[in-house]
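Chemist: Just the structure for this:
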Amino acid sequence: MEPHVIRAVLGLVIGCVLGYAARRGRFCTLGALEDAVYGQDTRRLRAWALAIAVAMVGVHGLRLYGLELHRTLYASPQLAIGPLILGGLTFGFGMALVGNCAFGNLLRLGGGDLKALIALLVAAVSAVMAMRGLTAVVRVMAVDPLVVSIPGGRLQLLPDLLGVGSPASMALAAACAALLTVYAFADGAFRNDRTLAAAAVVIGSCVTAGWWATGFAGFDAFGTGRPTSLSFARPIGDALLFAMVASGMQVDFGIASVLGVLVGAFVEARQARRFRWEAPDDPGELRRHIVGAFLMGTGGITALGCTIGQGVTGIATLSVGSAIALASIALGGRAGLYYLVERRG
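Modeler: Have a look, this model is predicted:
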């Protein structure tokens, strides 16, 4: 098989596993924020930390065996401060308006939620607009120039900023992963929630498998693509484009993983007998989903990733830019929750 076909097949399989595990474990970014802020329940935040820890050990283990992290999106010598912060805030606020991120809406759609279908369609259109449409003009002119060059031409990966080699970077990643794991299991409620803990381990493993699929199994030495892993900001836009103009595109890892997540979530929903059709309750809810989804698609492209793309895949590489993006998404999500819940209250 050609490399892009190998990547697509593996993306479909990895996406199926990811969708099944995430829906079974109720793995959700906004849900984790809501639980922590309004319910003083940090289990889902701790699951996020455990998923990052697993992915962190996995990706740096692959780096020891030749994964070219320096060629990835997360290792640029230019730190895109403006896009990461502004895009992250926009994505996070839109996520709160919708009630879920792009990945979470794929999980909801797999369970029959038609509100998620509307949100995904709008987010996909706005993502394409931010990549190559009208909003892309504003992004390129006003936001993309807000970057900082790292002194000495170093990469924005923490090991490279500290000037350590591959063996030492593995040790640094293992130390960070150990701290995240200790934080995760320090809570008794999380230790007792084996389903959520298992889902976090599977999700971190899926991110590692994604790096292996694009950096080894489906790597094309003569191609222009670079290693990547799971993300759902650009791929949902690419999936919509492929559905409309299939003859001009190739199915690759990203598009196939989107389809895989849908399939995995659908299988879990049917197996657990939780599949049911849902529609917006009123015009106000539909309006909120449309506005929030547009902000998510635009912000996800501007911030170079979503809650999975930057929040797990990127953070696992020890990228400083991904840390900035994740913090901005969390802050935007918190502002959105304030706008929806506390301000109105």
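
Chemist: Give me the most central residue, the protein.
Modeler: With distances taken as CA atoms, centre = their mean, the residue of the chain nearest its centroid is Ile308 (1.6 Å).

Chemist: Please, which helix or strand holds the residue lying closest to it once chain neighbours are set aside?
Modeler: Spatially, and ignoring its direct neighbours in sequence, Ile308 is nearest to Phe103 (5.0 Å; CB to CB, 6 or more residues apart in numbering). In this view, the C-beta of every residue, glycine as well, is placed from N, C-alpha and C. Secondary structure assignment for Phe103, by DSSP states H and E: helix 102-110.

Chemist: same for that helix, what does it pack against?
Modeler: helix 3-25, helix 29-38, helix 114-132, helix 253-271, helix 283-302 (3 or more CB pairs under 8 Å, 6 or more residues apart in numbering; DSSP states H and E).

Chemist: need these in TSV with mean neighbour count, can you?
Modeler: As requested, the helices and strands packed on helix 102-110 are arranged in TSV below (neighbours: other CB atoms under 10 Å):
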stretch	mean neighbour count
helix 3-25	23
helix 29-38	19
helix 114-132	22
helix 253-271	23
helix 283-302	22
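
Chemist: can you tell which of these is closest to Leu331?
Modeler: Closest approach to Leu331 among these is made by helix 29-38 (10.2 Å; CB to CB).

Chemist: Just want the angle from the closest one to helix 102-110.
Modeler: Calculated by axes from the mean of the first three to the mean of the last three CA atoms, to 10 degrees, helix 29-38 forms an angle of 110 degrees with helix 102-110.

Chemist: Quick check: next helix or strand after helix 29-38?
Modeler: Taking DSSP H and E, what comes next after helix 29-38 is helix 43-64.

Chemist: now that next one: how far from the chain's centre is it?
Modeler: Offset of helix 43-64 from its chain centre (CA atoms, centre = their mean, to the nearest Å): 13 Å.

Chemist: Can you give me the buried ones in it?
Modeler: Buried residues in helix 43-64, defined by neighbour count with 16 or more other CB atoms under 10 Å: 43-63.

Chemist: Convert it to PDB, retaining C-alpha atoms only.
Modeler: Provided in PDB are the C-alpha atoms of helix 43-64 (Å, rounded to 0.1, in the frame of the first residue of the first chain):
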ATOM      1  CA  ARG A  43     -11.600  13.200  38.400                       C
ATOM      2  CA  ARG A  44     -11.800  14.200  34.800                       C
ATOM      3  CA  LEU A  45      -9.000  16.700  35.100                       C
ATOM      4  CA  ARG A  46      -6.900  14.000  36.600                       C
ATOM      5  CA  ALA A  47      -7.800  11.700  33.700                       C
ATOM      6  CA  TRP A  48      -6.500  14.400  31.400                       C
ATOM      7  CA  ALA A  49      -3.300  14.500  33.300                       C
ATOM      8  CA  LEU A  50      -2.900  10.700  33.100                       C
ATOM      9  CA  ALA A  51      -3.600  10.700  29.300                       C
ATOM     10  CA  ILE A  52      -0.900  13.300  28.800                       C
ATOM     11  CA  ALA A  53       1.500  11.300  31.000                       C
ATOM     12  CA  VAL A  54       1.000   8.100  28.900                       C
ATOM     13  CA  ALA A  55       1.400  10.000  25.600                       C
ATOM     14  CA  MET A  56       4.500  11.800  26.900                       C
ATOM     15  CA  VAL A  57       6.400   8.700  27.700                       C
ATOM     16  CA  GLY A  58       5.200   7.100  24.400                       C
ATOM     17  CA  VAL A  59       6.200  10.000  22.100                       C
ATOM     18  CA  HIS A  60       9.600  10.500  23.700                       C
ATOM     19  CA  GLY A  61      10.200   6.700  23.600                       C
ATOM     20  CA  LEU A  62       9.600   6.900  19.900                       C
ATOM     21  CA  ARG A  63      12.000   9.800  19.600                       C
ATOM     22  CA  LEU A  64      14.700   7.600  20.900                       C
END
